[in-house]
Structures are given as C-alpha cells and as structure tokens.
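Engineer: fold the following and give me the result.
(2 chains)
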Amino acid sequence: MRYSSLSLLRQGLTGHASWPAAWRSPALAQSYDAVIIGGGGHGLAAAYYLAKLHGLKRVAVLEKGWLGGGNTGRNTTIVRSNYFFPESVALYDFALRLYEGLSEELNFNIMLSQRGMINLAHSDHDMEVMTRAVNAMLINGIDVELLDPAQVRAELPLANFSPGARYPIHGGYVQRRGGIARHDAVAWGFARAADALGVDIVQNCEVLGFLIENGLVTGLETSRGRVSAGAVGMSPSGHSGVLAAKAGFRLPITSYALQAMVSEPVKPVLHTVAASWATGMYVSQSDKGELVFGAGLDLYPSYAQRGNLPTTQAIVAAVLEIFPAFRRLKMLRQWAGIVDVPWDYSPILGPSPVGNLYLNCGWGTGGFKATPAGGWLLAHAVATGRHHPISAPFDLARFDSAALIDEAAGAGIAH
Amino acid sequence: MLLIPCPWCGPRDEPEFTYGGEPAVRPGPAADISDAQWGGYLYMRGNDKGPHREIWCHSFGCGQWFVLERDTVTHAIFSARKP
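Structural biologist: Sure, this is the predicted structure:
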C-alpha cells in the first residue's frame, strides 16, 4: 500500500484497524543471488539498492536480532557531511544528498530536519584550526560558514557565554544542510521498500559461519540453516571483527561502546545541533522535546551494549559545561551501541580477502549519517564485483600501503 | 565502573587506567618484512568477543604497564600480571 494523506484518511475512518504489515516475514530460502548480513539501516539500504538499481531478483537480508535494533536504533540521529578530506566529503555528502530525497524515494517519512549543525571553538587556536577545516570544506564544495561569537550566541542563546566559562566560546562554524533524521524510520523505510521489491528480510537469523570453496564464499551457515549465495555483503557494524574471524581474516578494527542518552522532554530550547570538539559533546532536541546527547567512547574494547558510569558522568559534565541551563533536567534513558572503529576512523568498503564477500564496515562512531551511501556502495560492490570511485579510497588494502584517511585528526572527530 | 587489579597497586577504579591495545610482537628483521606483514602488525586487531588479552597502563597511579585478561562481553576481569 502506498502511504499518502488519502490512505491515512481512509485508515483513520476505520479506526486504523486495517493497515497492512510494512514487510513480510518470509522463511529463509535455500539460495539467493545475494545475501546481506546485518539488518540495520546500511544492510537494508544495500538490499533495497540491489533490487532497485541492479535488478537482482533474489536478495536476502539476515539479521541476528530485530531490524534496526543495533546501532541504527542507538545513535543520536545526526546527519552532516562536514569532513576534512576530499575522499570523506565525496562519501558523506553523497549520503546527505541521498537523505535529502529519501522520504520521497521510499514513500516513508524519515523526518529529515536540516536544522543545521554548529561546531564550537573554545580558544583562538581552536578558531584557527576551524578556519582551516572550513576552508578545506569550502574547497571540497561543502556548505559551511564560519561564525563569530555574536553569531553563535544568536543561534545558541543558552550556551555558556559567562565570563568564567571553563570553555569560553570564541566562535564556531555551521553546516546548514546538517541536521537530524528519525533513525528508526530510515531502517523501516528501507525495509518496507526493499520488501516491496521482493527482498526477503529474515530476522532472528544469525550467521554462524561462511562456506568458502577455493577462496570464494558460496554460502552461509546460519541459525536457520544453510543458505547458498552468489555474493555476500556484510554490514555488521560492531560485530565486523567477529564475522571477519569467521571468514578467516582480520580487520584493523576495535569495537567500543559508544553511549548516548536523552533527558526528559521539554519545550523547544535548541533549534539546531550543537557540538564541541574540545569537550566531545554533541546535543540536539528531538521532535518529542527530549535533549539527545552523547560524547566520548568508553575507551576499551567492549561488546556489552551499555556504557560505564565514568564515561556517562564525563558526557553529562561536558553538556552541562556548554549548556548550564540543562542541569535541572532529569535524565530519561541512557544506552550504548557497539561501534567498530578502524585505526584511521574511516570506513572499510568493497572487496574482502575472500572472493565474493564484500565489506561495509568500520563506520565507527559515525555510521548513521552515511546509511544510504553505505548501502548504495555495498550494493554496487556486490552487484558488479568492483569498487565505485567513491568507495575505492576506502579499500581494506590502504592498511598495507598506509594510505590512510585519518579523519580522527582531519575532521577532529570527537571520540 | 571497572575495578582493575593493578599488579603493583592492587584494585583501583577504571578512570585511573588507560587501555593500550592488544599485546603484539614486532616482526623483524625489517628487511624481511612485507608491507602486508608490517600493516598487519601496525593495524590489524583480533578484537575478540569474549576473553581478550590487553595491555593497560596505570596512568594516574604507578604509571606501569601490565597485561590484563578481560571478557569484552561481561567485562569480567580474569587476571592481571606484570609484563
């Protein structure tokens, strides 16, 4: 069924009792042209684009838990493309452009709100580094503007401009096309659109091992039985290292817990996304009124989807330093997702050491913003066996040649 | 909060410590090492789910490095020993 104001009216008149299921729950077939491991936003997007753009008829997405229950449902919903290196800009701005047309393309409201994202500078040196970053972004075609303190204050009246501030605000920059999107809706929208094109989405189906013959993957051993596959794409986020070990290779990745949390809902107090490199904090206000925020990683390897208290405390302290007025809010929820962080904080895309197995991993702390592009590029690799020019610099082989794309240093990624 | 048993100082709170990666032996001699082997040593990780060998530094204590065996799912600590 196509979603429209007319269908909403029609269902409303009958008490919303007869909406059809958004996607089927098929059994796992014995064989597929392509199988995608991981039913988060990226994996579902890959399946959608495989069916939509590459005409593959028999595609499955295998999800060990429930759709969008991993990092897709655990991030802070921020989208942006304000990266430093040209390779990253090409990748993340491709994602942002796909996001801009996604609600229409999927016939599913992903609630994209391009409310802008402001990064703060807390010293003259911060401001110099930020000017350099902004110049690089402008050269690479990204819509960013430097802001002086008065301009920041006009946008963020609740930020800490007091004379005794530990992190005084010397200015900042804004990407107006940045903002937030409803994270669950991205997964659900891709799932529904992929299902409509015949993709089998199989939940509660864990991949236990790879069937590999002569260096080529031919199928998978799963908790729901064996399945053969013409090609396999993996999009497992935090568990990329676990899957790689099952396929017999290692990745330059460490998995960490990344926390996020929300306050009780309040009336509108923050109309944009605010971030501060020096303190690591980023915060926005959801449509429900909750302040959604996060900051640094729990800095040791973890597969536990919860964070530890010292990091929670540091995150809250950072947010309250920048927005003292928030200190009277009560916290509502806190959680963590397991993020697969590569050595250079840039994703690992394309062919793997095993033939017919393609990677979409290493998105680390910033995968949500890249969801449509990650899926699009994985679909391209799975369907053609080759890199798209956008994904080529992110090949695993960069760790042999040390041609790294160090966004941790370049974009000053907070974590 | 992890309670980490420093082999020199005894059990101390997590914020006193810094995680320092997985123990690895530097391959050599340099002339015999391929780019892939060197990249493997520098960048590749076991990143195990479950029991995991790690090196930690008691940065805000005695400043010593030690080897910790820890479960990355339950965060249980099995042993800490001097290198």
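Engineer: got the contact list for the residue lying farthest from the centre of chain B?
Structural biologist: The centre of chain B is farthest from one residue, B:A31, which by CA atoms, centre = their mean lies 27.6 Å away. For B:A31, the contact set (CB atoms under 8 Å, 6 or more residues apart in numbering or on different chains) is empty. All C-beta spots, glycine's among them, are computed from the backbone N, C-alpha and C.
Engineer: so which elements touch the lowest-mean-pLDDT helix or strand in chain B?
Structural biologist: Lowest by mean pLDDT, DSSP states H and E among the helices and strands of chain B is helix B:35-43, with a mean of 94. Judged by 3 or more CB pairs under 8 Å, 6 or more residues apart in numbering or on different chains; DSSP states H and E, helix B:35-43 is in contact with helix A:398-401.
Engineer: show me which residues of the helix it packs on are buried.
Structural biologist: A:R398, A:F399, A:D400 (16 or more other CB atoms under 10 Å in any protein chain shown).
Engineer: write out the residues of chain B neighbouring chain A.
Structural biologist: Counting by CB under 8 Å from any CB of the partner chain, chain B comes close to chain A at B:1-2, B:13-15, B:18-19, B:35-36, B:39-40, B:42-49, B:52, B:54, B:56, B:70, B:72-75.
Engineer: ramachandran angles for the most centrally placed residue in chain B?
Structural biologist: Central residue of chain B (CA atoms, centre = their mean): B:I55, 1.8 Å from the mean position. Per-residue torsions, B:I55: phi -110, psi 140 (degrees, to the nearest 10).
Engineer: could you confirm A:V35 falls within a helix?
Structural biologist: No: A:V35: not assigned to a helix; according to DSSP: H, G, I helix; E, B strand; the rest coil it is strand.
Engineer: so the residue nearest to the centre of chain B touches B:E69, yeah?
Structural biologist: No: taking contacts as CB atoms under 8 Å, B:I55 lies outside contact range of B:E69: 11.0 Å.
Engineer: what is in contact with these two at once?
Structural biologist: Contacts common to B:I55 and B:E69, judged by CB under 8 Å, 6+ apart, are absent.
Engineer: list the contacts of residue 77.
Structural biologist: No chain specified, so I'll use chain A. Contacts of A:T77 (CB under 8 Å, 6+ apart): A:I180, A:A181, A:R182, A:H183, A:S284, A:S286, A:V292, A:F368.
Engineer: um, chain B though
Structural biologist: Under the criterion of CB under 8 Å, 6+ apart, the contact list for B:I77 reads B:L2, B:L3, B:I4, B:P5, B:L68, B:E69, B:R70, B:D71.
Engineer: check A:L120 too.
Structural biologist: Here A:L120 is in contact with A:V152, A:A159, A:Y167, A:I169, A:G171, A:G172, A:A274, A:A275, A:S276, A:W277, A:A278, A:I322 (CB under 8 Å, 6+ apart).
Engineer: that one and A:A392, how far apart?
Structural biologist: Note on A:L120: its distance to A:A392, by CB to CB, to the nearest Å, is 34 Å.
Engineer: so which of the residues of chain B next to chain A belong to strands?
Structural biologist: B:D13, B:T18, B:Y19, B:H52, B:E54, B:W56, B:R70 (DSSP state E).
Engineer: just the buried ones from those residues, in ChimeraX syntax?
Structural biologist: The buried subset of these, as determined by 16+ other CB under 10 Å, is captured in ChimeraX by this line:
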select /B:19,52,54,56,70
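Engineer: mind putting the ones in strands among the residues of chain B next to chain A in JSON lines, pLDDT included?
Structural biologist: JSON lines is the format used below for these (pLDDT from 0 to 100):
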{"residue": "B:D13", "pLDDT": "96"}
{"residue": "B:T18", "pLDDT": "97"}
{"residue": "B:Y19", "pLDDT": "97"}
{"residue": "B:H52", "pLDDT": "98"}
{"residue": "B:E54", "pLDDT": "97"}
{"residue": "B:W56", "pLDDT": "98"}
{"residue": "B:R70", "pLDDT": "98"}
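Engineer: now flag whichever of the ones in strands among the residues of chain B next to chain A is closest to A:R250.
Structural biologist: Compare each of those with A:R250 using CB to CB and the shortest gap goes to B:H52, at 14.0 Å.
Engineer: how about the closest one, nearest residue that isn't a chain neighbour?
Structural biologist: Using CB to CB, 6 or more residues apart in numbering or on different chains and skipping residues adjacent in sequence, the residue nearest B:H52 is B:T72, 4.8 Å away.
Engineer: so what's the one you found up against?
Structural biologist: Contacts of B:T72 by CB under 8 Å, 6+ apart are A:S255, A:P301, A:S302, A:Y303, A:A304, B:D48, B:K49, B:G50, B:P51, B:H52.
Engineer: would you mind checking those for buried ones?
Structural biologist: Buried, going by 16+ other CB under 10 Å: A:S255, A:P301, A:S302, A:Y303, B:D48, B:K49, B:H52, out of these.
Engineer: hmm, which two among the residues you listed are most spread apart?
Structural biologist: Most distant of those, by CB to CB, are A:S302 and B:D48, 11.5 Å apart.
Engineer: and A:L102, how far is that from chain B?
Structural biologist: 32 Å (CB to the nearest CB, to the nearest Å).
Engineer: residues near the residue nearest to that residue when sequence neighbours are not counted, how many?
Structural biologist: Among residues not flanking A:L102 along the chain, A:I110 sits closest, at 5.3 Å (CB to CB, 6+ apart). Number of residues near A:I110 (other CB atoms under 10 Å in any protein chain shown) recorded here: 25.
Engineer: try A:D298
Structural biologist: For A:D298, using other CB under 10 Å, the count is 24.
Engineer: how about the helices in the stretch 201-350 of chain A?
Structural biologist: A:240-247, A:309-322 (DSSP state H, counting those that start in this stretch).
Engineer: is it true that A:I37 touches A:E206?
Structural biologist: No: with contact defined as CB under 8 Å, A:I37 does not count as touching A:E206 (9.4 Å).
Engineer: what residues do those two have in common as contacts?
Structural biologist: A:L62.
Engineer: who's more crowded, the two?
Structural biologist: A:I37 (28 against 14).
Engineer: from A:V134, how far out is that one?
Structural biologist: From A:I37 to A:V134 the distance is 38 Å (CB to CB).
Engineer: residue contacts, the closest residue to chain B within the stretch 1-150 of chain A?
Structural biologist: Closest contact between the stretch 1-150 of chain A and chain B, by CB to the nearest CB, is at A:K64 (12.6 Å). Residues in contact with A:K64 (CB under 8 Å, 6+ apart) are A:N204, A:C205, A:E206, A:V207, A:S223.
Engineer: does it belong to a helix, a strand or coil?
Structural biologist: Strictly by three-state DSSP, A:K64 counts as coil.
Engineer: that one and A:P149, how far apart?
Structural biologist: 48 Å.
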